[in-house]
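here is a sequence together with a model predicted from it:
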Amino acid sequence: MPMKPKGDQKTTFDKLGKNPALKELVARAELHRQAEVEVLAALPDALLEGTRFVSCKDGELVLTAETAGKASQIRFRQHEIMGNLRENELFRFVWKLKVKVSPPRFREKPAFKKEPLSKENARLLKEEAGHTKDKALREVLEKLASHVRN
């Protein structure tokens, strides 16, 4: 399905906006986004990356961190973070901070880089091939030894 131009997307959203349940859901999502901006602004810069706001109910603020180490750092500095947050009207009554570890679902894996064989390792493979009685294994070892870096 091809993407619609921005103007068309907006009109489609406007049509869906007539649904009261959807309108309420969009309003709650916007409130959540604004709350996340405020919470992240209260965090020290070193803890920003990989930290997300989950919820704030009954004075309990819930955050997620990508790693256990980062979660521990947030817990260690929780009094400082909650103090910063309490300056905001939305979080005036925050008294508890809960941090959950939520690793990212997908991580970009670095491209596998095939390292050429060192001259020393090539020499050892050739030497081993010379001591091997199995002809097929000797051929494989010699072929591996030929993949030496220059």
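Everything's here; your move.

the helices in the protein, which residues?
6-16, 20-42, 68-76, 78-86, 119-131, 135-145 (DSSP state H).

ok, and what's touching the fifth one?
Right, helix 119-131. Contacts to helix 119-131, defined as CB atoms under 8 Å, 6 or more residues apart in numbering, come from residues L117, L137, R138, L141, E142, L144, A145, S146, H147, V148, R149. All C-beta atoms are positioned from the backbone trio N, CA, C, and that covers glycine.

redo that, cut-off 6 Å
Contacts with helix 119-131, where a contact means CB atoms under 6 Å, 6 or more residues apart in numbering, come from R138, L141, E142, L144, A145, V148.

in that helix, what counts as buried?
Within helix 119-131, the residues scored as buried using 16 or more other CB atoms under 10 Å are A122, L125, K126, A129.

average pLDDT for that helix?
Averaging pLDDT along helix 119-131 gives 90.

now the second one
For helix 20-42, the mean per-residue pLDDT is 88.

cool, and the first one?
The average pLDDT within helix 6-16 is 56.

what's the local residue count around L97?
Using other CB atoms under 10 Å, L97 has 18 other residues around it.

distance check, it against A136.
Using CB to CB, to the nearest Å, L97 is found at 63 Å from A136.

try R33
63 Å.

show me how the protein divides into domains.
Domain segmentation of the chain under automatic domain parsing yields 13-101, 114-150.

do you know the pLDDT at the residue positioned nearest the centre of the chain?
Note on the chain: the residue nearest the mean C-alpha position is P104, at 3.8 Å, using CA atoms, centre = their mean. Looking at P104, its pLDDT stands at 83.

good, we can wrap up now.
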